[in-house]
Structures are given as structure tokens and as C-alpha cells.
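> only geometry, no sequence info:
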């Protein structure tokens with residue numbers, strides 16, 4: 001028997017009530033998936049590194065120290081749960097030794113100091129890895145403006161600041177003096193002090209000259225130039241003789257120290273000298289994700305850091321990968337590959 005009109009209406013109403021069930025289930029599933037996607041970034045684990053890291057820098061008034069402070073500030077923005085401890089040092093040599101001994105996770109050192117350390121082949125030297133090429137150190141020989149010293153050979157018999165024993169300055173000074181025909185222990189009176197003391201000693205007449213290897217400008221030399229008349233002695237002519245002294249010196253290049261580096265020096269002009277690259281170092285045992293983050297912050301912070309450390313303005317991801325004599329840490333390599341155009 002055919003259904004009545006009333007039966008057909010009831011059947012239609014039941015069908016309409018049934019149809020939304022699959023739709024509602026689909027909506028419910030979609031909401032669950034969406035909630036899962038939203039839940040992860042809001043409440044999931046933060047991929048940025050955490051914990052404590054030690055970085056060995058340099059003397060208080062040197063560029064290493066200032067760069068370390070500014071890099072720590074950049075890391076505070078990029079990885080706020082990462083605690084960075086900065087340890088002052090005498091310079092490149094001590095920084096390298098601390099890395100190898102496990103007393104620091106990151107450090108800055110010059111390419112020549114790294115090459116000399118590796119050439120001596122101490123235990124652990126093969127563990128060193130690089131994160132980035134940073135900026136160049138310029139070798140500076142500072143004398144009073146009225147000094148008779150016109151080149152390095154004129155330092156014979158004088159009191160000369162040569163840097164602390166574990167600094168990168170002292171090996172450079174020793175090699176430069178040898179290239180000029182002088183023995184650091186025999187032909188001058190070597191004063192083993194750092195950049196935190198040498199400018200004051202020169203101003204007080206307790207030094208006749210001092211060597212410094214640092215980025216431009218070095219604040220201690222800036223302050224000295226503002227307080228007393230000084231002059232920078234050219235060293236560029238020593239490059240061939242210095243390069244011939246050993247393979248570690250192959251990392252030096254001829255460079256012009258621009259007059260605007262220290263505008264307070266009267267009659268400033270380009271001074272022919274030598275420059276060597278600084279590298280940010282670590283060891284192969286340091287975590288890859290941590291090393292990638294530190295390397296990323298070096299590049300991300302270039303402009304901010306460069307406002308205070310002008311030399312850092314030259315840090316660039318295209319040149320940062322040239323870290324001879326060291327190979328890149330895998331974490332640093334991962335970063336450069338991730339930003340490769």
C-alpha cells in the first residue's frame with residue numbers, strides 16, 4: 001500500500017535529521033586537528049637551545065670583550081633561555097687553550113694563533129672547529145707623536161709593550177720584530193702587558209712604544225689619542241719577511257689603516273700595516289643545534305653589534321664561511337646551508 005501524505009512527511013523529517021550527523025562528525029574532526037596544530041606552538045617544546053654556555057673573550061678594554069658583550073645581548077633576543085657567561089682572557093692563545101681544555105664552549109681567536117697552535121700539535125688541537133669568520137685585526141704599533149721611531153727596526157733598546165703571554169699580540173709582535181731583524185728578548189726591553197695597561201703606561205712615560213692587534217677602532221687607543229699626541233708606525237713593508245718566517249704567518253695580509261679609525265691623531269693618514277682574520281671558535285663536541293643558533297645570532301646581530309664595534313660591520317654570511325685554517329662545525333654548516341640563496 002502506498003504511504004500516505006502524512007507518512008511521507010514523517011519520513012522526510014527523519015531523513016533530514018539523519019543527514020547532519022556525518023557533517024557534524026567531519027566538523028568535529030577538523031576542530032580536533034586544528035586544535036592540535038594550534039596546541040603545538042603555544043604549549044609544545046621550544047626548539048631554541050637552553051642551558052648555560054661559556055664564552056672566552058679578551059681583556060676588558062679590547063674588542064674581543066666588547067664583541068662578546070654585544071653577542072650575548074643578541075643571543076638574549078634570539079634564545080632567551082640560553083645563559084651566556086663571558087670569561088675575560090689574555091687573548092687568542094688563552095682562548096684556544098680554554099676551548100681545548102673544556103673550560104669554554106666558544107671563543108674568539110686570530111687565524112695565525114690558531115695555525116701556530118695546531119702546528120705545535122698539542123693533544124686536542126684536532127677538536128677545534130669554526131663558527132664564522134668575524135672581522136680583521138689590524139696590527140698597530142703606537143708611539144708618542146715626537147718619538148724618533150719611524151719603523152720597527154728603530155725600536156732597538158726601547159721599552160716596548162708586547163702584550164700578555166697568552167695573548168695573540170705577543171706572537172705577532174715577536175714575529176714582526178724578527179722580520180725587522182730584532183730579537184724580542186735581546187734587542188728591546190719587552191713589557192708583557194695588555195691593552196688595558198699599555199696606553200696608560202705610554203702616557204705616563206713608562207713605555208716608549210707598544211704593539212696591539214685589534215679591530216678598528218680599539219677604544220683604549222681612541223682614549224689615548226684623545227688624551228695625548230700619538231702616532232702609528234707603518235709595518236706593511238715587513239709582510240714578505242714575516243711570511244717567510246713560518247706558515248702561520250700566511251694568514252696575514254697587507255692592509256691600510258684608515259685615517260678615520262682614530263680621527264683624534266693629528267694629521268691622520270692611511271698607515272700601511274698588516275691584518276689577520278678573527279674567527280669565532282668552538283669544538284666538535286659542542287651541540288649542533290646550539291652552534292647553529294650562535295652562528296645565526298652572529299649574522300643576525302651584525303648591524304646591531306656593528307653600531308658599537310665598527311669592525312663587526314664587515315661580518316657577512318657570504319664571507320663568514322671562509323674559516324681557514326679550521327673547518328666549520330656541522331651546526332654552523334647547517335645554518336649557512338639553511339640561508340643559502
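Now that the structure is in, tell me what you want to look at. Because the structure is predicted, anything quoted here is derived from the model rather than measured. Residues are numbered from 1 along each chain as shown.

> Identify the residues contacting the residue nearest to residue 183 when sequence neighbours are not counted.
Closest residue in space to residue 183, ignoring its immediate chain neighbours: residue 177 at 7.1 Å, by CB to CB, 6 or more residues apart in numbering. Placement of C-beta: from N, CA and C, glycine included. Contacts of residue 177 were listed using CB atoms under 8 Å, 6 or more residues apart in numbering, and they are 152, 155, 183-184, 187-188.

> for stretch 130-145, which positions count as buried?
With burial defined by 16 or more other CB atoms under 10 Å, the residues of stretch 130-145 counted as buried are 130-144.

> Oops, could you answer that again for stretch 202-213 instead?
202, 207-213.

> which ones among those are found in strands?
209-213 (DSSP state E).

> Tell me, how many residues neighbour residue 229?
The local packing of residue 229 (other CB atoms under 10 Å) involves 12 other residues.

> Spit out the contact partners of it.
Residues in contact with residue 229 (CB under 8 Å, 6+ apart) are 144-146, 265-266.

> ok, of those, which one's closest to residue 70?
residue 265 (25.5 Å; CB to CB).

> ok, now how distant is the closest residue to the closest one other than its chain neighbours from residue 175?
The shortest distance from residue 265 to any residue other than its chain neighbours is 5.0 Å, reached at residue 225 (CB to CB, 6+ apart). In this view, residue 225 and residue 175 are 26 Å apart by CB to CB, to the nearest Å.

> Then residue 106?
Distance from residue 106 to residue 175, by CB to CB: 27 Å.

> same check, this time on residue 85
Distance, residue 85 to residue 175, by CB to CB: 33 Å.

> For those two, indicate the residue with more neighbours.
Using other CB under 10 Å as the criterion, residue 85 and residue 175 rank with residue 175 on top: 24 against 12.

> Residue 245 is in contact with the more buried one, correct?
Yes - look at residue 175 against residue 245 with CB atoms under 8 Å: they come within range, at 5.7 Å.

> if we can go back for a sec, identify the farthest-apart pair in the buried residues of stretch 130-145.
Top of the distance list for the buried residues of stretch 130-145 (CB to CB): 131 and 144, 39.5 Å.

> C-terminal to the helix or strand of the chain with the lowest mean pLDDT, what's the next element?
Across the helices and strands of the chain, mean confidence by mean pLDDT, DSSP states H and E is lowest for helix 20-43: a mean of 43. Counting by DSSP states H and E, the next helix or strand C-terminal to helix 20-43 is strand 51-56.

> Please name every helix or strand in contact with the following helix or strand past that following strand.
Once strand 51-56 ends, the next helix or strand along the chain (criterion: DSSP H and E) is helix 63-78. If contacts are counted by 3 or more CB pairs under 8 Å, 6 or more residues apart in numbering; DSSP states H and E, helix 63-78 sits against strand 51-56, strand 82-87, strand 106-110, helix 288-300, helix 302-306.

> how much does helix 63-78 deviate in direction from strand 82-87?
With axes from the mean of the first three to the mean of the last three CA atoms, to 10 degrees defining the directions, helix 63-78 sits at 170 degrees from strand 82-87.

> returning to that earlier point: tell me which two of the buried residues of stretch 202-213 sit farthest apart.
Spatially, the most separated pair among these is 208 and 213, at 18.7 Å (CB to CB).

> my guess is residue 70 meets residue 300, correct?
No - in this structure residue 70 lies outside contact range of residue 300 using CB under 8 Å: 12.0 Å.

> and residue 297, how many residues sit next to it?
Using other CB under 10 Å, residue 297 has 23 neighbouring residues.

> any idea how far it lies from residue 280?
Taken as CB to CB, the span from residue 297 to residue 280 is 10 Å.

> next one: residue 88
Residue 88 is 17 Å from residue 280, by CB to CB.

> More neighbours: which of those two?
Set residue 88 next to residue 280 and count neighbours by other CB under 10 Å: residue 280 wins out with 26 against 15.

> Over to the more buried one. Which of the three states is it?
Under DSSP: H, G, I helix; E, B strand; the rest coil, residue 280 falls in the strand class.

> Which parts of the chain belong to which domain?
What automatic domain parsing lists as the domains of the chain is 51-134+278-338, 137-277.

> export those to a markdown table and tack on mean pLDDT?
Output for the domains of the chain, formatted as a markdown table (pLDDT from 0 to 100):
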| stretch | mean pLDDT |
| --- | --- |
| domain 51-134+278-338 | 95 |
| domain 137-277 | 95 |
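
> For residue 67, give me its contacts.
For residue 67, the contact set (CB under 8 Å, 6+ apart) comprises 57, 108, 134, 215, 305, 309, 312.

> can we see that at 6 Å?
Residue 67 makes contact with residue 309 under the criterion CB atoms under 6 Å, 6 or more residues apart in numbering.

> Could you measure from it over to residue 49?
From residue 67 over to residue 49 the distance is 20 Å, taken as CB to CB.

> Tell me how many other residues crowd the residue lying closest to residue 264 once chain neighbours are set aside.
If the residues on either side of it in the chain are set aside, residue 264 comes closest to residue 225, at 3.9 Å by CB to CB, 6+ apart. Neighbourhood size, residue 225 [other CB under 10 Å]: 23.

> Please consider this matter closed, and thank you.
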